[in-house]
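**Q** Got a sequence here, can you build the structure:
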Amino acid sequence: MSCHGQVDISFSEQKDSSGRDSIAVNEDSVETNQVISLDSLWNKLVFYDGGCLTGGQRVRNGRFGNEGCVMSGYGRNRKEWNEFFSYPKTELTPFLISKFSDTTSTKIHTCPCMAARNGEVAVYALQNIYKKNWYDLNGFTKYASKESSSCMDIEQSWLWDILENEEQRENLTKQWLKQLEEE
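**A** Model prediction:
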């Protein structure tokens, strides 16, 4: 236990029964041998590990990320992000969509501006999966050519406004589900 009455948790890599790389949770240095769930893996990546998107959250020329982007598979959490993205799209898409309305700040930084919100990171994860920007989806293309003027008027803040608006969030949800259907 930590000094605040919480269990100290660490993580280690192992193989699950299907041979897939997975993460085991270690509490108080005693391995539990439990494979971490998709939700727990997500929470570990965005709220515990964190990192920076370094502007790499956009898809350019059919490619997501850049050398510094935490989700690109280059960073210190490469194996965990690769594990996350190894789940089937049919599982990841509804999981990530379920995060859209969550405005909790994460430990993921969106350069050059602010910490990303949970729903926002979920959108970027979908961009990585489908190699398509949210503003290239039907109904959101007006944002593709919109000029930003500051951190309060940039793709990140526009996406926040969309995710906070129930009607726009539902449209965004439909558009990502359409991407899944087209696969």
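
**Q** Quick one: the strands in the protein, in order.
**A** Using DSSP state E, the strands of the chain run over 9-15, 21-27, 30-35, 51-52, 59-60, 63-64, 105-109, 115-117.

**Q** Based on its surroundings, how many neighbours for residue 153?
**A** Residue 153 has 12 neighbours, counted by other C-beta atoms under 10 Å. Where you see a C-beta, it was placed from the backbone N, CA and C, and this is true even at glycine.

**Q** and residue 49, how many neighbours?
**A** Burial measure for residue 49: 18 neighbouring residues, criterion other C-beta under 10 Å.

**Q** my bad, should have said residue 82
**A** Based on other C-beta under 10 Å, the number of other residues close to residue 82 is 12.

**Q** Helices of the protein, start to end?
**A** For the chain, helices defined by DSSP state H occupy the ranges 38-43, 78-85, 89-97, 118-130, 155-164, 166-182.

**Q** Out of those helices, name the one with the poorest average pLDDT.
**A** Ranked by mean pLDDT, the helices of the chain bottom out at helix 78-85, with a mean of 88.

**Q** by how many degrees do it and helix 118-130 diverge?
**A** Angle of helix 78-85 versus helix 118-130, following axes from the mean of the first three to the mean of the last three C-alpha atoms, to 10 degrees, is 80 degrees.

**Q** other SSEs contacting helix 78-85?
**A** strand 21-27, helix 38-43, helix 118-130 (3 or more C-beta pairs under 8 Å, 6 or more residues apart in numbering; DSSP states H and E).

**Q** For that helix, buried residues please.
**A** Neighbour counts over helix 78-85 (16 or more other C-beta atoms under 10 Å) mark 80, 81, 83, 84 as buried.

**Q** repeat for stretch 108-123
**A** 108, 109, 110, 114, 116, 117, 118, 119, 120, 121, 122, 123.

**Q** Let me see the contact set for the nearest residue to the second one once chain neighbours are set aside.
**A** So the one you mean is residue 109. With sequence-adjacent residues excluded and distances taken as C-beta to C-beta, 6 or more residues apart in numbering, residue 109 is closest to residue 52, at 4.5 Å. Contacts for residue 52 (C-beta atoms under 8 Å, 6 or more residues apart in numbering) come out as 68, 69, 70, 108, 109, 111.

**Q** 7 Å instead?
**A** By C-beta atoms under 7 Å, 6 or more residues apart in numbering, residue 52 lies in contact with 68, 70, 109, 111.

**Q** ok, now how distant is the last one from residue 86?
**A** When distance is defined by C-beta to C-beta, to the nearest Å, residue 111 is 26 Å away from residue 86.

**Q** now swap in residue 160 and tell me
**A** Counting by C-beta to C-beta - residue 160 and residue 86 are separated by 29 Å.
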